[in-house]
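sharing a model prediction with you, sequence too.
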Amino acid sequence: MTSNVTLGMVRLPHGEGLALPAYETAGAAGMDLRAAVPEGEPMTIAPGARALAPTGFVFEIPASYEGQVRPRSGLALKHGVTCLNTPGTIDSDYRGEVKVLLVNLGSEVFVIERGMRIAQMIIAPVTQVSVEERSLAGATERGAGGFGSTGRS
Ligand SMILES: O=c1ccn([C@H]2C[C@H](O)[C@@H](COP(=O)(O)OP(=O)(O)OP(=O)(O)O)O2)c(=O)[nH]1
Ligand SMILES: [Mg+2]
């Protein structure tokens with residue numbers, strides 16, 4: 001299922017020895033991101049707290065694509081741990097380390113060991129549009145209806 005789009009990955013010193021972010025199955029949408037916390041010095045997130053976890057990599061995302069950092073459902077279900085800013089946006093021109101902003105909505109301290117898969121990243125196409133100010137929006141059947149406006153008799 002691999003496309004011909006290439007994602008560059010630059011390993012940072014604290015990413016030495018970590019597995020590359022990777023698709024875990026042939027049809028996986030996202031590649032799992034691992035925590036590049038120091039060996040033997042796990043990161044802890046208290047209930048209700050948040051933390052920015054390093055991945056140990058700079059990604060070079062091709063132009064016209066973005067990275068979306070999303071939670072792993074297993075962590076959310078078992079521990080109440082999710083990405084606070086989901087989906088996190090990784091811009092194609094970002095050259096810093098990709099980091100994962102986690103929040104612990106569970107009732108127990110969450111411990112992140114080095115190499116733990118903490119989130120997943122989807123590479124998706126984006127369109128940058130031109131913006132044009134107008135005096136009136138074109139008429140439609142929906143009009144200004146929203147927030148549950150459809151299906152009412
Ligand atoms: O979960 C995330 C979200 C963002 N970033 C990095 C990559 C992204 O390109 C940059 C900026 O993210 P965003 O635009 O969401 O943050 P901002 O608050 O708007 O900051 P900026 O003013 O730097 O754009 O931060 C991450 O590493 N992880
Ligand atoms: Mg921004």
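That came through fine. Ligands and ions are numbered 1, 2, ... in the order given.

can you give me the pLDDT of the closest residue to residue 116 other than its chain neighbours?
Take residue 116 and drop its neighbours on the chain: the residue closest to it by CB to CB, 6 or more residues apart in numbering is residue 35, 4.8 Å away. For the C-beta atoms, the positions are set from N, CA and C on the backbone; glycine is no exception. Looking at residue 35, its pLDDT is 98.

surely residue 35 meets residue 119?
No. Applying CB atoms under 8 Å as the test, residue 35 and residue 119 come out as separate, 9.2 Å apart.

who has more neighbours out of these two?
residue 119 (29 against 22; other CB atoms under 10 Å).

you'd agree that one is up against residue 33?
Yes. Counting by CB under 8 Å, residue 119 does reach residue 33; the two are 4.9 Å apart.

what do those two both touch?
Shared contacts of residue 119 and residue 33 (CB atoms under 8 Å, 6 or more residues apart in numbering): 69, 100.

and stretch 29-47, anywhere near ligand 1?
No. Stretch 29-47 stays clear of ligand 1 (CB under 6 Å from any ligand atom), getting no nearer than 9.6 Å.

report the distance from that stretch to the chain centre.
Averaging C-alpha positions (CA atoms, centre = their mean, to the nearest Å) puts stretch 29-47 14 Å from its chain's average.

kindly report the same for stretch 139-149.
Here stretch 139-149 is found 32 Å from its chain centre; the criterion is CA atoms, centre = their mean.

buried residues in that stretch, which are they?
By neighbour count on 16 or more other CB atoms under 10 Å, the buried set for stretch 139-149 is empty.

and it, how far apart are its ends?
17 Å (CA to CA, to the nearest Å).

same question for stretch 61-77.
One end of stretch 61-77 sits 30 Å from the other (CA to CA).
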